[in-house]
Each structure stands twice: as C-alpha cells, then as structure tokens.
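A.B. asks: Fold the following and give me the result.
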Amino acid sequence: MLGNQLQCMHNKYSYNYYKEIFKNTTKPFAFVDLDLLDENIRDLKNRAGSKKIRIASKSIRCRTIIDRIFETDKQFEGVMCYSAEEALWLSDLGYDNLLIGYPTSDIQQIEALGNEIKNGKIIYLMIDDEEHLKRINAIGLKLSVKMPVCIDVDMSSDFPGLHFGVWRSNLRTSLAVENIVKQSFNYEYISIIGLMGYEAQIAGLVDAQKEQKLKSFFVRQLKKSSIHELCKRRKESIEKIKNLGIELKLVNGGGTGSLESTREENAVTEVTIGSGFFNSHLFDNYTLFKHKPAACFAVEVVRIPKKGLATCLGGGYIASGGTGNEKQPLPYLPEGLKLTQNEGAGEVQTPLIDLKEELSIGDPVFFRHSKAGELCERFNELYLISNGEIVSVEKTYRGEGMCFL
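C.D. replies: This next block holds a predicted model:
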C-alpha cells in the first residue's frame, strides 16, 4: 500500500498523470492544475513581501481563477483591467477597485465608466497626456462627477544606442509628471489619485537563458542599472506630486519578474501580478524565482509521418509581441519533444520530433503557452484539476462571450 502511494507521488505531474486524468476528454482542451496554481499563489505572495497585490486580469481571463486568488488572502486586492470594456463588464458583475492599466479615449466608454463611478464604484482611469484629461473631464462635467485618474509614468531606461524597456507613457521624467499634474488643475472634474510605473524591462525580460549565457549576463547588468534609475524617477515623481498638494491613494508598480526589486520601494503601495499565477513558459528563465507550470493545453497525435516524428492536430497558438521562437507554445509532456524548424506550431497541424518514439495515434501532447492569459483566448473552457481528477469545468472570458482586445 505504501509502495503504491509513493509511486503515485513520484508520478504526479508526469505525462502519465495528466494522460490518465484526461483519458476521456476530447482534444484540444486547456486546463489549470489547481495544486500547482495554489503553490504559485503562495510563492508569489511571499515574493511580494508586505505589499498589496493587484491581479492583472489579462494574464488570467477566467473569473473563476481570479475569484480563487482573491479568496486565498486579503493581500490580494483589486484588479488591473486591460480595457475599459472589461472594467465595465467586471463592475456590472460586482467587482470593485478596478484600475484600467491603459488609457481610454472612447467617449462612450468613458461616459459609461463615469456612470459606474457616480454610482459608487471604485474605478481608476489611466492617463499620460492632456488629451486624456480633456476627454475625461468633459464626461465628468456632463455627469457632475469627479473622475479618479492614475498617472502612468514611463519606467524604461535609455542607454547609449539602446532603449531598454517598452514604449508606453510619454511621461519619462519626474518633471513631465509634475507638468501633467499642473495641467490637471485646469480640469475641475479630474481627481488624481494614483501613480503607476510598469518596469517591463525588469518584470518581463528573461535573464537566465541557458543557451544565451552571455546575453543573459548583459541583461542582468542592464537590469541593475535600470532599477537604480527607475527607483529614483518614481520617488522624485511622487515627491513632486506631493509638493503640489496631492496625497496619492495608490502607487502601483512591478510585475511577476520584478517583485524582488519593486517591493523594496517604500513609496510603492501595491504590486501587480498576472503571468506568475499560470507561469507561462516565458517566465521559466529568471534568476531570482521559479514557479510551477499550472496551465497547459493538449492536442492529439493524428499522424506518424515517419519514425521519430508525430504530428498533432492544431496547436499553433502563437503569442503576441515581437516574433521569435519564444512566442511559440512549448511542448511540455511527454518530455523530450521538439517543434520542427520549418513548420513550428501550425494552424491545423504541428509535427513534433519524437526521438524516444513514445507517441501513438490518439495520444495527447501537453503544451505550455508562451503568454499566460492569451491561452484563454483560444478556449471557451478550462478544466480545473486537483489531486489527480477533474473537479470542475469553468468558462474563460471567451466562453462567457467576452473578447475585449
């Protein structure tokens, strides 16, 4: 009896473990291993230190999972939405404390948000330009409601010949932040309540790729220099805002890959976490942390074109962003499979190099998506599993008929 239990423990999270769970499930499908998700939740909470944690919904896109995270600990507080439409939908469903991570210029959406705010909902609009202030203020005037906004300050770094970061806000200095605050004083229905700075080059850039050791070394050095600069920029921006008579309610920063540095900034009141919950494969190669692969999808082997090759039906779920092999899904289980160079992960078929010749027609192959939430744009449902069995089947945003971007 004990031997059987030990054998089961040894095989947990193996190919045969998942194959047995889904032996009667039609492919393709996506699933979340709740045991691994819960482990990631605990680890991420520990990495965040004492900071409040805002959940980045774009990296989850399933309300059942979002709710599960909230239920684990009061340290998880609020949602960072990725569009105004999503915020309106979540607000209508009863969610509150919604920070829209990107600017909204659509007047009808701003008005709908204004009505939610007027009815007592806590929703923060993002701004980094006076044009944003004009549009939001016009709706505030129309509805006779103060519109709470959060300033997005750029957190990238410029080194000689290199822009280290992403192109987000045009507010790249504390002086630029000070100027837009001064501009806001001309708009009666604007209320500045927060500052956000997303250090994408720290949070979302891998720094421990085994096959690119030299590049990873330089990335780590650039990160160190950038962290010092952006901490100073954030602190100076907050001081300038305070000197203008504004006490910020929230200062948001960070992401899954930058928690160790962002949590050390006293001025930051909350960090945002998204991808770390599912731990898509882009987050495998970081120096400071390792999370568990909690979300996967499965496709079916339908051909054996020759010895050492197995071809699956579908599988070409490519991630957004700059193109590269890292944006392809990663063959996960069984171990040792590789995509072919010429075809990669295809729209209707994905050939795999199977040197161990383990696969037969009808077998599942489990993949990990490159980006966490984008997996849910491909599937209407997620199978939730725990302790070796399917415990429920839950709808994704797509399954609820929602497609925001």
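A.B. asks: can you pull out the strands in the stretch 151-300 of the chain?
C.D. replies: 157-159, 162-164, 190-197, 250-253, 270-273, 295-303 (DSSP state E, counting those that start in this stretch).
A.B. asks: Single out the most deeply packed of those strands.
C.D. replies: strand 270-273 (a mean of 26; mean count of other Cβ atoms under 10 Å). (Glycine included, C-beta is placed from N, CA and C.)
A.B. asks: Please tell me how far Gly362 sits from Leu248.
C.D. replies: Distance check for Gly362 against Leu248: by Cβ to Cβ, to the nearest Å, it reads 58 Å.
A.B. asks: domain ranges for the protein?
C.D. replies: 14-32+290-390, 61-273 (automatic domain parsing).
A.B. asks: can you give me the end-to-end distance of the longest one?
C.D. replies: So that's domain 61-273. Distance across domain 61-273, first residue to last, is 13 Å (Cα to Cα, to the nearest Å).
A.B. asks: To Asn46, which of the domains of the chain lies closest?
C.D. replies: Among the domains of the chain, domain 61-273 comes nearest to Asn46, with 9.4 Å by Cβ to Cβ.
A.B. asks: what's the average pLDDT for the closest one?
C.D. replies: For domain 61-273, mean pLDDT is 94.
A.B. asks: Centre of the chain to that domain, how far?
C.D. replies: Remark: domain 61-273 is offset 14 Å from the chain centroid, using Cα atoms, centre = their mean, to the nearest Å.
A.B. asks: now the strands for the stretch 1-150 of the chain?
C.D. replies: 29-33, 52-56, 76-81, 98-103, 123-127, 147-152.
A.B. asks: picking that back up, just put the domains of the chain in TSV and tack on distance to Tyr397.
C.D. replies: Shown next, in TSV, are the domains of the chain (distance: least, Cβ to Cβ, whole Å):
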stretch	distance to Tyr397
domain 14-32+290-390	6
domain 61-273	4
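A.B. asks: does Leu375 sit in a helix, a strand or a coil?
C.D. replies: On the three-state scheme (DSSP: H, G, I helix; E, B strand; the rest coil), Leu375 is labelled helix.
A.B. asks: burial count for the nearest residue to it once chain neighbours are set aside?
C.D. replies: Spatial nearest neighbour of Leu375, excluding adjacent residues (Cβ to Cβ, 6 or more residues apart in numbering): His369 at 4.1 Å. His369 has 26 neighbours, counted by other Cβ atoms under 10 Å.
A.B. asks: Pull the contacting residues for the closest residue to Leu162 other than its chain neighbours.
C.D. replies: Leaving aside its sequence neighbours, Leu162 sits nearest to Leu222 (Cβ to Cβ, 6+ apart; 7.9 Å). Counting by Cβ atoms under 8 Å, 6 or more residues apart in numbering, Leu222 touches Ser157, Phe159, Leu162, Phe164, Gln201.
A.B. asks: for those, which one is nearest Cys231?
C.D. replies: Nearest to Cys231 among these is Ser157, at 11.4 Å by Cβ to Cβ.
A.B. asks: In contact with that closest one: list those residues for me.
C.D. replies: So Ser157 contacts Phe164, Gly165, Gln201, Leu222, Ser225, Ser226, Glu229, Leu230 (Cβ under 8 Å, 6+ apart).
A.B. asks: what's around the last one, how many residues?
C.D. replies: Meaning Leu230. Per other Cβ under 10 Å, the neighbour tally for Leu230 reads 26.
A.B. asks: Go ahead and confirm it touches Glu199.
C.D. replies: Yes: the criterion here is Cβ atoms under 8 Å, and Leu230 meets it with Glu199 at 5.4 Å.
A.B. asks: can you list contacts of stretch 367-377?
C.D. replies: Taking contacts as Cβ under 8 Å, 6+ apart, the residues outside stretch 367-377 that touch it are 30, 57-62, 274-275, 277-282, 293, 295-299, 315, 317-321, 326-332, 345, 382, 396-398, 403.
A.B. asks: Can I get the buried part of these as one ChimeraX selection?
C.D. replies: In ChimeraX, selecting the buried portion of those, with burial taken from 16 or more other Cβ atoms under 10 Å, looks like this:
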select :30,57,58,59,60,61,62,274,275,277,278,279,280,281,282,293,295,296,297,298,299,315,317,318,319,326,327,328,329,330,331,332,345,382,396,397,398
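A.B. asks: quick one on the thing from earlier: please identify which of Gly362 and Leu248 sits among more neighbours.
C.D. replies: Leu248 (18 against 9).
A.B. asks: Contact partners for Met147?
C.D. replies: Contacts of Met147 by Cβ under 8 Å, 6+ apart are Leu113, Gly114, Ile117, Leu125, Ile136, Asn137, Ile139, Gly140, Tyr189, Ile190, Ser191.
A.B. asks: With distance to Met147 added, can I get the residues you listed in a markdown table?
C.D. replies: Below are the contacts of Met147 laid out as a markdown table (distance: Cβ to Cβ, whole Å):
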| residue | distance to Met147 |
| --- | --- |
| Leu113 | 8 |
| Gly114 | 6 |
| Ile117 | 6 |
| Leu125 | 6 |
| Ile136 | 5 |
| Asn137 | 7 |
| Ile139 | 7 |
| Gly140 | 4 |
| Tyr189 | 6 |
| Ile190 | 6 |
| Ser191 | 7 |
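A.B. asks: For ChimeraX, what selects the buried ones among those residues?
C.D. replies: Those of these that count as buried under 16+ other Cβ under 10 Å are selected in ChimeraX with:
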select :113,114,117,125,136,137,139,140,189,190,191
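A.B. asks: For Ser174, state which of the contacts of Met147 is nearest.
C.D. replies: Closest to Ser174 out of the contacts of Met147 is Ile190 (19.8 Å), distances taken as Cβ to Cβ.
A.B. asks: Test my guess that the closest one contacts Arg135.
C.D. replies: No: between Ile190 and Arg135 there is no contact under Cβ under 8 Å: 10.6 Å.
A.B. asks: This completes my enquiry, with thanks.
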